[in-house]
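Q: Quick one: sequence plus predicted model below, questions after.
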Amino acid sequence: MNVPFQCRKYDLSLWQCPQFLFLVMGLIIIGSSLTVYAIGNKYIEDPTLVALLVLFISAILFIVASIITRSFERLAEASRMKSEFVSVVSHQLRSPLSNLKWVIEFLMSGRVGSVTEKQLEYFKILKENSNRMEELVSDLLTVSRIEQGKLPLKKEKISMDDLVKESVREMEIFARASNVEIDSKSEKNLPQIITDYFQLKLVIVNLLDNAIRYIKGRGRVEIILEKKNKNLHFEVKDNGVGIPQDDKKYIFQKFFRSENALRHQTEGSGLGLYIAKSIVEKLGGKIGFSSREGVGSTFWFNLPVK
């Protein structure tokens, strides 16, 4: 009956907590029983029959409420165990992956012995795949923290313009390798905002990475940063594969990737946009997009200026 404790255990809000729902259903059962009693007492002369009718209705409602609550409780427990499993596995994988990455770099350096061109090629493949695995583990860990409500936020006053420029610099090598040009436009004299620098940078890099990754051949990515009313508005526009109409409602869900994206780019976990949406909303902002298949996509978010 300790409802707050049970809600914290499952990391659920009060209205989603099975124990609280059971209490609400209990009040509904009491109200329904009193209503049945009042109606029965008015139209049925035998008080014994009225009492039996009330008991029968109450028992049926109680059984239904118990079944529903137990079902919700099993789902909540499964969700909690899944989140804990992902968190534990992600933590346990980080150390061996870091060690593997260090060993590969040490072998590539030639300090152990001479390395042939063929061996170096294999080492580069190993390094690329270990980096990819490290990114996946990092995304899974972030998702686990988001679901458990433990995503760390260290808010400070920052320049959004500087953050965007830094993110673009980091993505330029990837963009050039993909034959993509990045054009960044920022409004002058933008106010600073109070937000988490690291988490917001993760959002911008995720959006930029998607924009570059899903462009066929040569392409262009446009970045716009401006002030709209009491918000800073950031958007990334590309001329990539776009999103099919039927897939748009799933775009911010975990692990979802549209069919045309899978055909164009097999790599990817489908977690980037889910993480971006969760972080933006946790920072008090709003995120959205517009897209046409075969034409391109525009992803944007707004953050309040305080």
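A: All right, it came through fine.
Q: domain parsing for the chain?
A: 1-148, 155-304 (automatic domain parsing).
Q: weakest of the ones you listed in terms of mean pLDDT?
A: Mean pLDDT values for the domains of the chain show the minimum at domain 1-148, a mean of 78.
Q: what about the spatially most central residue of the chain, distance to Leu207?
A: Centroid-nearest residue in the chain, with CA atoms, centre = their mean: Tyr274, separated by 2.9 Å. When distance is defined by CB to CB, to the nearest Å, Tyr274 is 13 Å away from Leu207. Just so you know, the C-beta spots here come from the backbone N, C-alpha and C atoms, and that holds for glycine as well.
Q: Phi, psi for Arg220 please.
A: Phi and psi for Arg220, reported as degrees, to the nearest 10, are phi -140, psi 140.
Q: That one contacts Glu181, correct?
A: Yes: between Arg220 and Glu181 there is a contact under CB atoms under 8 Å: 5.0 Å.
Q: the more surrounded of those two?
A: Arg220 (16 against 13; other CB atoms under 10 Å).
Q: Show the contacting residues for the more buried one.
A: Val180, Glu181, Ile182, Asp183, Asp238, Asn239 (CB atoms under 8 Å, 6 or more residues apart in numbering).
Q: Swap in 6 Å and give it another go.
A: For Arg220, the contact set (CB atoms under 6 Å, 6 or more residues apart in numbering) comprises Glu181, Asn239.
Q: One more: Ser184?
A: Val168, Ile223.
Q: and it, that's in a strand?
A: Yes: assessed with DSSP: H, G, I helix; E, B strand; the rest coil, Ser184 lies in a strand.
Q: that older thread, packed most tightly, which of the domains of the chain would that be?
A: domain 155-304 (a mean of 17; mean count of other CB atoms under 10 Å).
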